[in-house]
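J.: how would this look folded up:
(one chain, ligands or ions: 1)
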Amino acid sequence: MHVITLDSETDFDGWRKAARALALNGVDPRGVTWTVRGNEPELFEAEPDTSLEETPGTFNVPAKFVELAKIAILHRNPERFALLYRLLWRLRSNHDLLEIATDPDVAEIGAMAKAVRRDEHKMHAFVRFREVGRESKSHFVAWFEPEHHIVELAAPFFARRFADMPWSILTPDLCAHWDGHAVAITPGVAKSEAPTEDRLEEVWRSYYASIFNPARLKVKAMQNEMPKKYWRNLPEASLIKPLIAEAERTTAAMVANAPTEPHKAQKRVEEDMPRKAASSSDSIAALRSEAADCRACPLWKNATQTVFGEGPSRAHIMLVGEQPGDKEDLAGKPFVGPAGQMLDRALEEAGIDRTKVYVTNAVKHFKFVPRGKIRLHQKPNTPEIKACRQWYERELASIKPDLVVAMGATAAQSVFGKITPINKSRGRLIETGEGTRALVTVHPSYLLRLPDEHARAREYERFVDDLKIAARFLRKAAHAA
Ligand code: URA
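T.: Numbers count the residues shown, from 1 in each chain. Predicted structure coming up:
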């Protein structure tokens, strides 16, 4: 029996060196026990394994395995080192092993890597810094309890994102610290070391209350996005229960006051539209989960998360915006900030129920430049729009809407696959093929940016008029059916 003791839970280089030596010495995976220094069962607190000969020679494994192994080794399952060595062993005689998705070892390493990536995303989204000290001596400290060994993996994101402020993220496994120049890693600490309340808490709470939309409350979906175990470290979590209760009261009042029969024309739009044949393409949930790991362009590096489209999977209308903004990036949902509020109002005036519309963006990651603590929106460029277009195409194939509304130049570029001037195409229905039509209009942020009040009011009316074209088209389509 060979006992391999790695230096730490995340010692990929140590694992790789040992695995290579074991394989070159022909050691069957069943003859190896893997442990981590400090965690060895007493029986194994022995001398390091010197029985492996320095065997010259080499062998290749697919680059995909190395990438997968670097992530899967961060999983908390103690069997991961053995699983990785078993796969390496098997890859030597079957180079294409990783392509066999039904193989139990391949499925398991894939699931482990996915769980680690999911945990990394959760850490990016749910770390909340508390300010310790004041003004020039400020230091920002956060407490987080990761599911897997992801502190070193996740730390560079915080260094890029909060480059201007010194911070520490404390966890029970390891702590990461940023002094404005480099990330340092130190051993884990107890929760009692972490600061509790500070003056930033109120900012988080008012921000959360401002983006909470009772009309779009889905408790289950919300808990999937923000599982309860993270609540105890989120300042805004204390608001969740009262906001849900308030939303339920508001909804109950709306139901009590609602007319018993929907308007006839509206009813036809909702119920009688011809349904397209069910698509064999991926479901939106599957696409969303795939897109969470998208690295097709560099924008993922600084964004908190992928902001995927949202809405019914059989929506008749698909609204396409440019890219998530600051609030969308933090909330993980499209159009929840100021542009979203403008859009909600215009949709309502045009007679379109937002909850029946699928809302998405041409680009799914927030692009910005940091200016102190503010993140300034930047327009995505053509390579970024092109890299992200696959997601729009796949959303389109899955939803099969009757009408796509492109809001702004970036959306139009994605919808038509080429630069499309807004003013030339605006306000008319354009055939895009495969039974879908497109309508081009301006982006709601354009209205927010207009400095002149009159111009803003005039342009807003034009925007609502464009959306009314969409509403009429759907009514007509329903009639024709
Ligand atoms: N602007 C967009 O284009 N999309 C959003 O989701 C928010 C603002």
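J.: would you mind measuring the gap between the ends of stretch 183-194?
T.: Between the opening and closing residues of stretch 183-194 there is a gap of 19 Å (C-alpha to C-alpha, to the nearest Å).
J.: pLDDT of that stretch, averaged?
T.: Per-region confidence: stretch 183-194 scores 87 on mean pLDDT.
J.: cool, and stretch 90-97?
T.: Across stretch 90-97, pLDDT averages out at 94.
J.: next, the distance between the ends of that stretch.
T.: End-to-end distance of stretch 90-97 (C-alpha to C-alpha): 8 Å.
J.: and stretch 409-425, by the same measure?
T.: Span of stretch 409-425 from end to end, C-alpha to C-alpha: 11 Å.
J.: same deal with stretch 131-139?
T.: End-to-end distance for stretch 131-139: 6 Å, by C-alpha to C-alpha.
J.: can you check stretch 160-172 too?
T.: Start and end residues of stretch 160-172 are separated by 23 Å (C-alpha to C-alpha).
J.: how far does that stretch sit from the chain's center?
T.: How far stretch 160-172 lies from its chain's middle: 20 Å, per C-alpha atoms, centre = their mean, to the nearest Å.
J.: what's in contact with it?
T.: Outside of stretch 160-172, the residues within contact range by C-beta atoms under 8 Å, 6 or more residues apart in numbering are 127, 129, 138-146, 151, 155, 158, 175-180, 188-191, 193-194, 301-302, 304, 370, 372-373. In short, each C-beta sits where N, CA and C put it, glycine included.
J.: from these, which would you call buried?
T.: 127, 129, 139-144, 146, 151, 155, 158, 175-178, 189, 194, 302, 304 (16 or more other C-beta atoms under 10 Å).
J.: got the CA coordinates for stretch 69-83 in CSV?
T.: Taking Å, rounded to 0.1, in the frame of the first residue of the first chain, the C-alpha atoms of stretch 69-83 are listed here in CSV:
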residue,chain,number,x,y,z
ALA,A,69,-8.7,18.2,-12.1
LYS,A,70,-7.5,21.6,-11.0
ILE,A,71,-11.1,22.5,-10.2
ALA,A,72,-12.4,19.2,-8.9
ILE,A,73,-9.5,18.9,-6.5
LEU,A,74,-11.1,21.8,-4.6
HIS,A,75,-14.2,19.7,-3.8
ARG,A,76,-14.6,18.8,-0.1
ASN,A,77,-15.1,15.1,-0.8
PRO,A,78,-12.1,13.3,0.7
GLU,A,79,-12.3,10.7,-2.1
ARG,A,80,-11.4,13.2,-4.8
PHE,A,81,-7.7,12.5,-4.9
ALA,A,82,-8.3,8.8,-5.4
LEU,A,83,-10.9,9.5,-8.1
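J.: could I get the buried residue list for it?
T.: Applying 16+ other C-beta under 10 Å to stretch 69-83 flags Ala69, Lys70, Ile71, Ala72, Ile73, Leu74, His75, Arg76, Arg80, Phe81, Ala82, Leu83 as buried.
J.: identify, from the residues you listed, the entry nearest to the ligand.
T.: Of all the buried residues of stretch 69-83, Ile71 has the smallest distance to the ligand: 28.9 Å, by C-beta to the nearest ligand atom.
J.: quick check, the closest one in a strand?
T.: No: the assignment for Ile71 is helix, going by DSSP: H, G, I helix; E, B strand; the rest coil, so no strand is present there.
J.: the closest residue to it other than its chain neighbours: neighbour count?
T.: Closest residue to Ile71 apart from its sequence neighbours, by C-beta to C-beta, 6 or more residues apart in numbering: Ala113 at 4.4 Å. Using other C-beta atoms under 10 Å, Ala113 has 20 neighbouring residues.
J.: which residues touch Ala113?
T.: Counting by C-beta under 8 Å, 6+ apart, Ala113 makes contact with Leu68, Ile71, Ala72, His75.
J.: if we use 6 Å, what do you get?
T.: By C-beta atoms under 6 Å, 6 or more residues apart in numbering, the contact list for Ala113 reads Leu68, Ile71, Ala72.
J.: those residues of this protein touching the ligand, which are they?
T.: By C-beta under 6 Å from any ligand atom, the residues of the chain that approach the ligand are 321-325, 328, 334-335, 337, 339-340, 361, 445.
J.: got JSON lines for the buried residues of stretch 69-83, with distance to Val464 and pLDDT too?
T.: Shown next, in JSON lines, are the buried residues of stretch 69-83 (distance: C-beta to C-beta, whole Å; pLDDT from 0 to 100):
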{"residue": "Ala69", "distance to Val464": "54", "pLDDT": "97"}
{"residue": "Lys70", "distance to Val464": "51", "pLDDT": "97"}
{"residue": "Ile71", "distance to Val464": "48", "pLDDT": "97"}
{"residue": "Ala72", "distance to Val464": "51", "pLDDT": "98"}
{"residue": "Ile73", "distance to Val464": "54", "pLDDT": "98"}
{"residue": "Leu74", "distance to Val464": "50", "pLDDT": "98"}
{"residue": "His75", "distance to Val464": "51", "pLDDT": "98"}
{"residue": "Arg76", "distance to Val464": "52", "pLDDT": "97"}
{"residue": "Arg80", "distance to Val464": "56", "pLDDT": "97"}
{"residue": "Phe81", "distance to Val464": "61", "pLDDT": "98"}
{"residue": "Ala82", "distance to Val464": "62", "pLDDT": "98"}
{"residue": "Leu83", "distance to Val464": "57", "pLDDT": "98"}
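J.: those residues into JSON lines, with extra columns for distance to Glu349?
T.: Formatted as JSON lines, the buried residues of stretch 69-83 follow (distance: C-beta to C-beta, whole Å):
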{"residue": "Ala69", "distance to Glu349": "55"}
{"residue": "Lys70", "distance to Glu349": "52"}
{"residue": "Ile71", "distance to Glu349": "48"}
{"residue": "Ala72", "distance to Glu349": "51"}
{"residue": "Ile73", "distance to Glu349": "54"}
{"residue": "Leu74", "distance to Glu349": "50"}
{"residue": "His75", "distance to Glu349": "50"}
{"residue": "Arg76", "distance to Glu349": "51"}
{"residue": "Arg80", "distance to Glu349": "55"}
{"residue": "Phe81", "distance to Glu349": "60"}
{"residue": "Ala82", "distance to Glu349": "62"}
{"residue": "Leu83", "distance to Glu349": "57"}
